[in-house]
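A.B. asks: fold the following for me, if possible:
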Amino acid sequence: MRYNILITRRAMKQMKSLPVTTQERIAEAIGMLGNNPDNPALNVKTLTNDPEAKYRLRVGNYRVKYNRDDGIKIIEVVRVGHRKDIYR
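C.D. replies: Take a look at the predicted model:
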């Protein structure tokens, strides 16, 4: 059931620009996503009209946009950012 997590260079750069406590919370949430992407405790929604990503994970006021491939069990994190900026 464990998924491999790929974080794009862009998402890593965006994450490094955030406060350390926020980085830790986001990293923990991404880890939980890797263990079980269907975990109901995670606030995940399907994005309908987004060219970059199919899903988003909510961590407080921050969002993690990602794609998921169930065939090869990979989660690719595309973007990380504050909710006011992430959908632009």
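
A.B. asks: neighbours of residue 5, how many?
C.D. replies: With neighbours defined by other CB atoms under 10 Å, the count for residue 5 comes to 15. Heads up, the C-betas are built off the backbone N, CA and C, glycines and all.

A.B. asks: hang on, it in a strand?
C.D. replies: Yes. Counting by DSSP: H, G, I helix; E, B strand; the rest coil, residue 5 is found in a strand.

A.B. asks: now do the contacts for it.
C.D. replies: Neighbouring residues of residue 5 by CB atoms under 8 Å, 6 or more residues apart in numbering: 30-31, 33-34, 74-77.

A.B. asks: could those go into JSON lines alongside secondary structure?
C.D. replies: As requested, the contacts of residue 5 are exported to JSON lines (three-state DSSP):
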{"residue": "30", "secondary structure": "helix"}
{"residue": "31", "secondary structure": "helix"}
{"residue": "33", "secondary structure": "helix"}
{"residue": "34", "secondary structure": "helix"}
{"residue": "74", "secondary structure": "strand"}
{"residue": "75", "secondary structure": "strand"}
{"residue": "76", "secondary structure": "strand"}
{"residue": "77", "secondary structure": "strand"}
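
A.B. asks: which of those residues lies closest to residue 2?
C.D. replies: For those, the closest approach to residue 2 (CB to CB) belongs to residue 34, at 6.5 Å.

A.B. asks: excluding its backbone neighbours, what's nearest the residue positioned nearest the centre of the chain?
C.D. replies: The centre of the chain sits closest to residue 64, judged by CA atoms, centre = their mean, with a distance of 3.2 Å. Spatially, and ignoring its direct neighbours in sequence, residue 64 is nearest to residue 57 (4.2 Å; CB to CB, 6 or more residues apart in numbering).
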